[in-house]
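A.B. asks: dropping a prediction and its sequence here:
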Amino acid sequence: MSKLHFKYGTMNSGKSIDLMRTAHNYEEVGYDVIVMKPIIDTKGNDKLDSRIGIQRKVDILIKEDDMILKLIKNKITEKTACIFVDEAQFLKEKQIDELFFITKKLNIPVICYGLRTNFKAESFEGSKRLLEIAEELEELPTLCDCKEIARFVGRKVNNQYVLEGNEIEIDGDNENIEYIPLCGKCYLEKVKKIKF
């Protein structure tokens with residue numbers, strides 16, 4: 001039976017690159033895949049856009065109130081071997097539940113990629129649900145400036161770390177916002193301003 005997977009990591013951990021590489025591997029041996037992302041992720045518009053410049057057009061943009069089963073209905077073929085979802089943290093809980101259902105009803109694996117937490121170190125709705133029900137979890141690590149594994153993300157506005165603001169602000173939409181991968185100690189020191 002197929003499984004729901006969640007591959008998570010902070011910014012710059014190669015999530016989109018891993019998705020594109022894995023999708024390409026399926027296609028290279030003759031299988032079909034479906035690649036989706038939430039429409040709220042405006043970076044790249046209708047493309048996956050990696051930080052190293054690799055892009056791939058998505059098959060489906062998911063709106064907040066979309067039923068995913070309806071979206072994929074006309075995209076499924078006999079050769080569909082996997083469904084990929086980038087930026088899955090932006091999905092609603094019911095949409096994550098639907099992806100889980102798809103793995104059982106259609107027996108097609110679903111691999112979701114996304115952030116585990118936001119810049120306040122709190123769960124996104126989609127990530128929280130994935131951590132609760134995904135059958136396979138995998139961390140995609142990256143490094144903090146201090147060379148430790150980064151598991152947190154700090155938001156900088158005008159080059160200053162902040163803890164206030166909307167949960168979702170897409171980097172690139174606002175030139176004054178950037179996201180920095182941080183280890184736990186650096187997150188506490190730089191973002192929370194805790195001295196050790």
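C.D. replies: On my side now, so go ahead.

A.B. asks: can you tell me the helix or strand for residue 155?
C.D. replies: Here residue 155 sits within strand 152-157, counting by DSSP states H and E.

A.B. asks: note down every partner strand of that strand and its orientation.
C.D. replies: With DSSP bridges as the test, strand 152-157 is paired with strand 160-162 (antiparallel), strand 177-182 (antiparallel).

A.B. asks: quick one: buried residues of the last one?
C.D. replies: In this case it means strand 177-182. For strand 177-182, a neighbour-count test (16 or more other CB atoms under 10 Å) marks 177, 179-182 as buried. Backbone N, C-alpha and C define where each C-beta goes, glycine included.

A.B. asks: follow-up on the earlier one: and of the strands paired with strand 152-157, who's closest to residue 39?
C.D. replies: strand 177-182 (19.4 Å; CB to CB).

A.B. asks: where does the protein have low pLDDT?
C.D. replies: Scanning the chain for pLDDT under 70 picks out the ranges 170-175.

A.B. asks: rerun that using 90 as the cut-off
C.D. replies: 1, 11-12, 41-55, 165-177, 195-196 (pLDDT under 90).

A.B. asks: check contacts around the residue minimising distance to the centre of the chain.
C.D. replies: By CA atoms, centre = their mean, the mean C-alpha position of the chain lies nearest to residue 114, the distance being 2.0 Å. By CB atoms under 8 Å, 6 or more residues apart in numbering, residue 114 lies in contact with 6, 8, 15, 85-90, 124, 126-127, 130.

A.B. asks: and for residue 57?
C.D. replies: Going by CB under 8 Å, 6+ apart, residue 57 touches 35, 46-47.

A.B. asks: possible to save those residues as CSV with neighbour count and distance to residue 135?
C.D. replies: CSV is the format used below for the contacts of residue 57 (neighbours: other CB atoms under 10 Å; distance: CB to CB, whole Å):
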residue, neighbour count, distance to residue 135
35, 20, 21
46, 12, 29
47, 15, 29
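
A.B. asks: in strands only, show me those.
C.D. replies: Those of these mapping onto strands are 35, 47, per DSSP state E.

A.B. asks: list just the nearest of the contacts of residue 57 to residue 70.
C.D. replies: residue 35 (17.2 Å).

A.B. asks: surely the closest one meets residue 55?
C.D. replies: No - if you go by CB atoms under 8 Å, residue 35 and residue 55 don't touch, sitting 11.5 Å apart.

A.B. asks: what bridges to residue 48?
C.D. replies: residue 56.

A.B. asks: what do you get for residue 38?
C.D. replies: residue 62.

A.B. asks: isn't it right up against residue 91?
C.D. replies: Yes - the criterion here is CB under 8 Å, and residue 38 meets it with residue 91 at 5.9 Å.
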